[in-house]
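Undergrad: here is a sequence together with a model predicted from it:
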Amino acid sequence: MPLPANAPPAYQAECGACHMAFQPALLSANDWRRTMAGLKDHFGTDATVDGPAGQEIGSFLERNAGNAGKLGSAGEPPRISQTARFVRKHREIPAKYWKDPRIKSAANCEACHRGAADGNYSEHDIVIRELRR
């Protein structure tokens, strides 16, 4: 699931400035709406995107969002790492790795998945050797 070709440049510029521009399919449309509505305090940072750029990003995320039934709840505030799919895929990762300075947080997909920006989350392409299968 690579980033859709119709991704507006504002998405990469605004969201990709602080973290990977996550594939919209990683959250449901409702969770993306809640995320966009809460950008004033986006995990401790004011990430507000006003005007047409904010509307364009929000519409893009909702149009390309994942299936809420398959993803499950993303919590409050919505976190990709709280979806049932993420939890299921990462359930065997020991807690010590989430604290590893190379990883820093579960939101840092690229720390382990070298192809994350292209939508490749294969467990066979893990960067940190001891986590590979």
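TA: The structure has been received and is ready for your questions. Numbers count the residues shown, from 1 in each chain.

Undergrad: ok, then the element right after the biggest helix by length in the chain?
TA: Counting by DSSP state H, the longest helix found in the chain is helix 51-63. Once the chain leaves helix 51-63, the next helix or strand it forms, by DSSP states H and E, is helix 68-71.

Undergrad: what mean pLDDT does that next one have?
TA: Mean per-residue pLDDT for helix 68-71: 93.

Undergrad: show me what contacts residue 76?
TA: The contact partners of residue 76, by Cβ atoms under 8 Å, 6 or more residues apart in numbering, come to residue 34. From N, CA and C alone the C-beta is placed, and that goes for glycine too.

Undergrad: wasn't it part of a helix?
TA: No - applying DSSP: H, G, I helix; E, B strand; the rest coil, one finds residue 76 to be coil, outside a helix.

Undergrad: next up, phi/psi of it, please.
TA: As for residue 76, its main-chain torsions (degrees, to the nearest 10) stand at phi -140, psi 120.

Undergrad: roughly how far apart are it and residue 10?
TA: Shown here: residue 76 relative to residue 10, a distance of 26 Å by Cβ to Cβ, to the nearest Å.

Undergrad: contacts for the lowest-mean-pLDDT helix or strand in the chain, please.
TA: Each helix and strand of the chain was given a mean pLDDT (mean pLDDT, DSSP states H and E); the minimum falls on helix 95-98 at a mean of 88. Helix 95-98 is touched from outside by 103, 105, 106, 128, 131, with contacts defined as Cβ under 8 Å, 6+ apart.

Undergrad: of those, which pair is most distant in space?
TA: The two members of the contacts of helix 95-98 with the most space between them (Cβ to Cβ) are 105 and 131, at 15.2 Å.

Undergrad: ok, and for stretch 102-109, which residues are buried?
TA: For stretch 102-109, burial by neighbour count (16 or more other Cβ atoms under 10 Å) applies to 103, 106, 108, 109.

Undergrad: grab the nearest non-local neighbour of the residue nearest the centre of the chain.
TA: Centroid-nearest residue in the chain, with Cα atoms, centre = their mean: residue 22, separated by 4.1 Å. Closest residue in space to residue 22, ignoring its immediate chain neighbours: residue 80 at 6.3 Å, by Cβ to Cβ, 6 or more residues apart in numbering.
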